[in-house]
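[1] take a look and give me a structure for this.
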Amino acid sequence: MEHISKYLTNEIKLSSYEDKLFKSELMFEDHMLVWFISGETKIIQAESTFHFKTGDIFLIPRNELATIINYPKNGLPHKTVVMHLSAERLKKFYQKIDHNKKVQPEQKIYRFSNHPLLESCLVSLMPYFDLEGEFPESLATLKIEEAINILRLIDPSVDSVLANFDAPGKIDLVNFMQRNFMFNMSLEKLGYLTGRSLSTFNRDFKKLFNTTPQKWLTDKRLELA
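    Prediction:
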């Protein structure tokens, strides 16, 4: 598999997969805004499956477990522009504006296919990938803030996700594990997503399932297979 990434900054990149297929199980630490130039992607979550293709634009929130399958299409590589919307960047943005801080976040994948404002924002990045030298931070800030403003204009409810900087709260461990056991994540990450330290996760798990997380996960995945 040949994977090529060109970075303007740590937050903006052009990603290209030339081979037949790339599959990974991921949990992003940043919100990811993705514009498809070519190729297709399937995103499989516990209760939903999404398909994205040329021209599609989507936002996947941070801390979401997913299996992601990228593949070329019609002789063209899987090629995307990816913008990381980091907590640090978003905190600076939301400190400067008024917004509803009381709305509960809705963790979902947002689709903005072929929206002219958002597409023009991301298309405008393409010439910069051919430039030599360091990309100015001031210009990166302008482009990222332009994208955030457009997202908020298209769907004001996106604030509930982008302006939420809380760590995951303690949630129902049994329901979470039954829905997400197929994702190959470390116990530390599984604990974090359920609002627990590793030691608390192991202790609560043993109490609820009467076995260790490692053994339970192995048995469940064998059963699924």
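
[2] mind listing what Phe112 touches?
    Shown in contact with Phe112 (Cβ atoms under 8 Å, 6 or more residues apart in numbering): 57-59, 118, 151, 154-155. (Each C-beta comes from the backbone N, C-alpha and C, glycine too.)

[3] ok, Ala140 next?
    Residues near Ala140 by Cβ under 8 Å, 6+ apart: 8-9, 11-12.

[4] quick one: it from Arg62, how far?
    Using Cβ to Cβ, to the nearest Å, Ala140 is found at 19 Å from Arg62.

[5] Ser197 too?
    Here Ser197 is placed at a distance of 19 Å from Arg62 (Cβ to Cβ).

[6] quick check on these two: which one has the bigger neighbour count.
    Each of Ser197 and Arg62 has its neighbours counted (other Cβ atoms under 10 Å); Arg62 has more, 18 against 11.

[7] that older thread, quickly check the contacts of Ala140 for the two that are furthest apart.
    Largest separation among the contacts of Ala140 by Cβ to Cβ: Leu8 and Glu11, giving 8.1 Å.

[8] ok so, going back, and of the contacts of Ala140, the nearest to Glu223?
    Nearest member of those to Glu223, counting by Cβ to Cβ, is Glu11, at 40.6 Å.

[9] list the contacts for the nearest residue to that closest one once chain neighbours are set aside?
    Leaving aside its sequence neighbours, Glu11 sits nearest to His84 (Cβ to Cβ, 6 or more residues apart in numbering; 4.3 Å). Each residue near His84 by Cβ under 8 Å, 6+ apart is listed here: 10-12, 30-32.

[10] if you rank the residues you listed by neighbours, which is first?
    Most surrounded of the contacts of His84: other Cβ under 10 Å gives His31, at 25 neighbours.

[11] from memory Lys189 sits against Leu26, does it?
    No: at 10.5 Å, Lys189 and Leu26 do not qualify as touching, with contact defined as Cβ atoms under 8 Å.
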